[in-house]
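> everything below, folded, please.
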Amino acid sequence: MTEPDTAPAPGSRWRLIGPGLVAAATGVGAGDLVATLIAGSMFGYALLWAAVLGTLLKISLAEAVGRWALASGRTIFDGWSSLGPGWFGGRLNWASVYFGVYVVVWGFVYGATAMTASALPVAALLDGTPLALDLKAWAMIFGVTGLVMVWFNRYPVFEKVMTALVAVMFVTVTALAVIVAPDLPALARGLAPTLPPGSAYYTLGLIGGVGGTITLAAYGYWIGQKGWRGPAWMKVMRLDNRVGYAVTGVFVIAMLIVGAELLHASNIALAGGERGLLDLDGVLRERFGDVVGILFLIGFFAASFSSLIGVWQGVSLMFADFWAHLRGRPVRQGEGDPATTGEASPAYRGYLLWLTFPPMALLFMDRPFGLIVAYGALGALFMPFLALTLIWLLNSGRTPAEWRSGWLSNAMLGAGGVLFCVLAGRELAGLFG
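Have a look, this model is predicted:
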């Protein structure tokens, strides 16, 4: 086994890939696939270039997160806690206050959303059979299943489960793109940047939205869980990150192909949110038969459930780090006692319970307006917060000079920061307007 501070042999790097796939699978949920389908259904292949650019942007962001972790030996939250003056003995600052409020409100609403998204394809698949259950019952079952899987298993098992779900997603989504027979010349033309009338909002969404969540920040924790520590692992991390988000790019392009070929030509509209994938299931069954529809629902479930358990594991690690800082016990990247600051800690497991059980109340009621506004506002601000704080951290004395950002990294992070600020502005205008 390679020591944490020793570079692995070049030939072994491909065998070490894992955290990037975990981050990619967690970041791409059913809602992202619907957004891409709708863009394809409205504009055909014209926005393919935006999907490719978005993939490159996520690679740059995740690389910056990983580079910070390996070069500094500190977690991303430890970096945030160093930005600006601290209060209460240095345990809180503006960034940690924002994160603490965000992670509590976001987790409460996201828990209900993730459980429902995982339940939708299974409820549709088993409808009319002896195993049929109410959607709310399936949602609670998958919430508890995710809790049990993450509570009792450590990172190596979690990574294997996520890799298996990625494989299912990859096979089903790419097979679907092949079945609908893409127009290859039109696909190639879609790589040239164009903006059809009315496409600006969808273009921004494709570049900044798909795969862009708090799980980008969790990537640094997953490489620590993997045992990668120190700059010797930088090449492995970069390969891992590129492979993971290249897979994300394949998912997005495949769904854009489906939207362009299956929906755009037939002028078929989908519902927004995860339920739009159930509309697609009906179209697939009508066009290609039940077998294709069933395989698609299996891929739909893999996308939804991988996001659920990825958040259950990764964001719980971030919350445990936040709680350790509040108690004045910060730890270095990938170190510390799992029983006090990691996967077996009370804070980690407490946040797992918070993600699972309180959100079940939202399954039985219309979501409160005030809560949804808070969730949307805090969520809209997270990606600008991540991009801009990474620029701050990676161009300061907190990062060893050798590993500070160069012009390309700064350009990509800066472009991401501007893009996410624009998206946040649109989201906030919609919420409060």
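> Ser60 and Gly414 touch, don't they?
No: Ser60 lies out of contact with Gly414 (CB atoms under 8 Å); the separation is 10.2 Å. Any C-beta I mention is one placed from the backbone N, CA and C, and that applies to glycine too.
> more neighbours, those two?
For Ser60 against Gly414, the residue with the higher neighbour count under other CB atoms under 10 Å is Ser60, and the figures read 22 against 14.
> and that one, what does it touch?
Under the criterion of CB atoms under 8 Å, 6 or more residues apart in numbering, the contact list for Ser60 reads Ser409, Met412, Leu413, Gly416.
> before we move on, what about Ala119?
Ala119 sits next to Leu135, Lys136, Trp138, Ala139, Ile141, Phe142 when contact means CB under 8 Å, 6+ apart.
> check which helix or strand the fourth one maps to.
Of the helices and strands defined by DSSP states H and E, Ala139 is found in helix 135-152.
> what's that helix packed up against?
When contacts are defined as 3 or more CB pairs under 8 Å, 6 or more residues apart in numbering; DSSP states H and E, helix 135-152 packs onto helix 94-125, helix 155-179, helix 290-326, helix 346-356.
> could you export the ones you listed to CSV, including columns for distance to Val250 and mean pLDDT?
Converted to CSV, the helices and strands packed on helix 135-152 look like this (distance: least, CB to CB, whole Å; pLDDT from 0 to 100):
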stretch, distance to Val250, mean pLDDT
helix 94-125, 20, 91
helix 155-179, 6, 92
helix 290-326, 13, 92
helix 346-356, 29, 96
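> which of the ones you listed is buried the deepest?
Of all the helices and strands packed on helix 135-152, helix 290-326 carries the top mean neighbour count, a mean of 23, counting by mean count of other CB atoms under 10 Å.
> could you give the angle of it to helix 346-356?
Here helix 290-326 points in a direction 140 degrees away from that of helix 346-356 (axes from the mean of the first three to the mean of the last three CA atoms, to 10 degrees).
> what's next to the helix holding Ala139, contact-wise?
Taking CB under 8 Å, 6+ apart as the criterion, the residues outside helix 135-152 that touch it are 111-112, 114-116, 118-120, 122-123, 133, 158, 161, 305, 308-309, 312-313, 316, 349, 352-353, 355-357, 359-360, 363-364.
> again, but for stretch 349-357
Stretch 349-357 is contacted from outside by 103-104, 107-108, 110-111, 143-144, 146-147, 150-151, 311-312, 315-316, 319-320, using CB under 8 Å, 6+ apart.
> pLDDT weak spots in the protein?
Counting by pLDDT under 70, the chain shows low-confidence ranges at 1-12, 88-90, 209-212, 265, 269-274, 329-341, 366-373, 375-376, 433.
> now with 50?
Counting by pLDDT under 50, the low-confidence segments of the chain come to 1-3.
> number of nearby residues for the closest residue to Tyr98 other than its chain neighbours?
Leaving aside its chain neighbours, Tyr98 sits nearest to Phe385 (6.8 Å; criterion: CB to CB, 6 or more residues apart in numbering). Around Phe385 sit 22 other residues, with neighbours defined as other CB under 10 Å.
> so Phe385 belongs to a strand, correct?
No: going by DSSP: H, G, I helix; E, B strand; the rest coil, the assignment for Phe385 is helix, not a strand.
> how about the secondary structure of the residue in the chain sticking out farthest from the centre?
Farthest-out residue of the chain from its mean C-alpha position, per CA atoms, centre = their mean: Pro130, at 34.4 Å. Here Pro130 is coil, with the state taken from three-state DSSP.
> give me the residues contacting stretch 419-426.
Residues outside stretch 419-426 that contact it (CB under 8 Å, 6+ apart) are 57, 201, 204-205, 207-209, 212, 380-381, 383-384, 386-387.
> now the helices for the stretch 201-350 of the chain?
Along the stretch 201-350 of the chain, counting by DSSP state H, counting those that start in this stretch, helices occupy 215-226, 234-258, 275-288, 290-326, 338-341, 346-356.
> now the last one against helix 94-125, angle please.
Between helix 346-356 and helix 94-125, the angle comes out at 50 degrees (the same axes, to 10 degrees).
> please save the CA atoms from helix 346-356 in PDB.
Coordinates of the C-alpha atoms in helix 346-356 are reproduced here as PDB (Å, rounded to 0.1, in the frame of the first residue of the first chain):
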ATOM      1  CA  PRO A 346     -21.900  12.400  17.100                       C
ATOM      2  CA  ALA A 347     -22.000  15.500  14.900                       C
ATOM      3  CA  TYR A 348     -21.700  13.400  11.700                       C
ATOM      4  CA  ARG A 349     -24.500  11.000  12.800                       C
ATOM      5  CA  GLY A 350     -26.600  13.800  14.200                       C
ATOM      6  CA  TYR A 351     -26.600  15.500  10.800                       C
ATOM      7  CA  LEU A 352     -27.400  12.200   9.100                       C
ATOM      8  CA  LEU A 353     -30.500  12.000  11.300                       C
ATOM      9  CA  TRP A 354     -31.300  15.700  10.500                       C
ATOM     10  CA  LEU A 355     -31.200  14.900   6.800                       C
ATOM     11  CA  THR A 356     -33.400  11.800   7.200                       C
END
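> quick one: that helix to chain centroid distance?
Between the mean C-alpha location of helix 346-356 and the chain-wide mean there is a distance of 19 Å, by CA atoms, centre = their mean, to the nearest Å.
> now it and helix 135-152, what's the angle there?
Relative orientation of helix 346-356 with respect to helix 135-152: 170 degrees, computed using the same axes, to 10 degrees.
> same check, this time on the third one
In terms of direction (the same axes, to 10 degrees), helix 275-288 departs from helix 135-152 by 110 degrees.
> and the longest one, by the same measure?
Interaxial angle of helix 290-326 relative to helix 135-152 (the same axes, to 10 degrees): 50 degrees.
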